[in-house]
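Sharing a sequence plus its predicted fold:
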Amino acid sequence: KGNHWGYGKEDGPSIWHKNFPTADGDRQSPIDIIPKEAPCDPNLGQIVLNYDQCTSLNITNNGHSVVVEFDDTDDRSVIQGGPLDNPYRLKQFHFHWGGKGCHGSEHTVEGMSYASELHLVHWNAVKYKSFGQAAEAPDGLAVLGIFLDTGDDHRWLHMVTDALYMVKFKASVTDFKGFNPKCLLPSSLHYWTYLGSLTTPPLHESVIWIVLKEPIIVSEKQLGKFRMLLFSGEEEDQRLRMENNFRPPQPLKGRKVRSSN
Ligand SMILES: CN(C)c1nnc([C@H](N)S(N)(=O)=O)s1
Ligand SMILES: [Zn+2]
């Protein structure tokens, strides 16, 4: 069907342009970040995350990733500062990861990919009335990208991985209250920023990307739990393991990447 897409040979990133022509646009994401070509911009302030009043609602398997959704009916949890002219409301976060032993981040740094990448998706509720409207505006969304590298167990990620068995199948959802994603941040908020897009269809070119330089560390065991998720629904006969749900880097097309100090 027209809006079907996935990460397989027949429906993956190299095919998306057929149903989603924006895939060939001038500000597509992710990209390969080259630090020495991303000069420090002294006008870039620090980013400020006000997540203390955030309200997580549920965790769901949407057939492409595992998503934790938030109550975004008011400005209780926002990101502001840095390249942003307004506060942007937290709507959801999700992950992208690889297969066993393979890397699965979307952004790369000088050609190097990390094991996984966490995206915290925010929208500009000052200028736009809804997420949907913001998602189609050039300054509508702000996505905070955090790399996951492997090493020791992450002390808080278990709160997410312990819930994954409840959302094994596509379209499954379960309550997920009281989770504050502040616990998934690295110690430094230094970042790269550039103008890009959603990395999954419809690939709208509406994202101000803020990619943190410092990865968080999670264990192989914790990452392995993401791979028990399935792309397929409970009623489907094939058991397609959810892994390698990342889009490869896209052409920069003259864009400038800036660095906070
Ligand atoms: C509708 N929302 C919240 C999103 N649509 N596409 C999203 C992509 N997974 S990403 N990676 O955030 O661009 S997130
Ligand atoms: Zn994403």
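On my side now, so go ahead. Ligands and ions are numbered 1, 2, ... in the order given.

Mind pulling up the pLDDT for Glu110?
The model reports Glu110 with a pLDDT of 98.

show me the contacts for the closest residue to it other than its chain neighbours.
Sequence neighbours aside, Ile34 is the residue nearest to Glu110 in space, at 5.7 Å (criterion: C-beta to C-beta, 6 or more residues apart in numbering). C-beta: built from backbone N, CA, C; applies to glycine. Listed by C-beta atoms under 8 Å, 6 or more residues apart in numbering, the contact set of Ile34 reads 109-110, 257.

just these that are near ligand 1?
Applying C-beta under 6 Å from any ligand atom, the subset of the contacts of Ile34 adjacent to ligand 1 is empty.

What about those residues, which one has the most neighbours?
Most neighbours among these, by other C-beta atoms under 10 Å: Val257, with 20 neighbours.

So that residue sits against Glu37, correct?
Yes: the criterion here is C-beta atoms under 8 Å, and Val257 meets it with Glu37 at 6.9 Å.

Need the phi and psi values for Leu223.
phi -70, psi -40 (degrees, to the nearest 10).

My error: substitute Glu236 in the last question.
According to degrees, to the nearest 10, Glu236 has phi -80, psi 150.

All further residue positions should be reported with the first residue as 19.
Okay, residue one is now 19; in that scheme the one you just asked about reads as Glu254.

and it, how many neighbours does it have?
Neighbour tally, Glu254, other C-beta under 10 Å: 12.

Give me the local confidence score for the residue in the chain that ligand 1 sits nearest to.
When scored by C-beta to the nearest ligand atom, the chain has Leu216 as its residue closest to ligand 1, at 3.5 Å. Reading off the confidence values, Leu216 has pLDDT 99.
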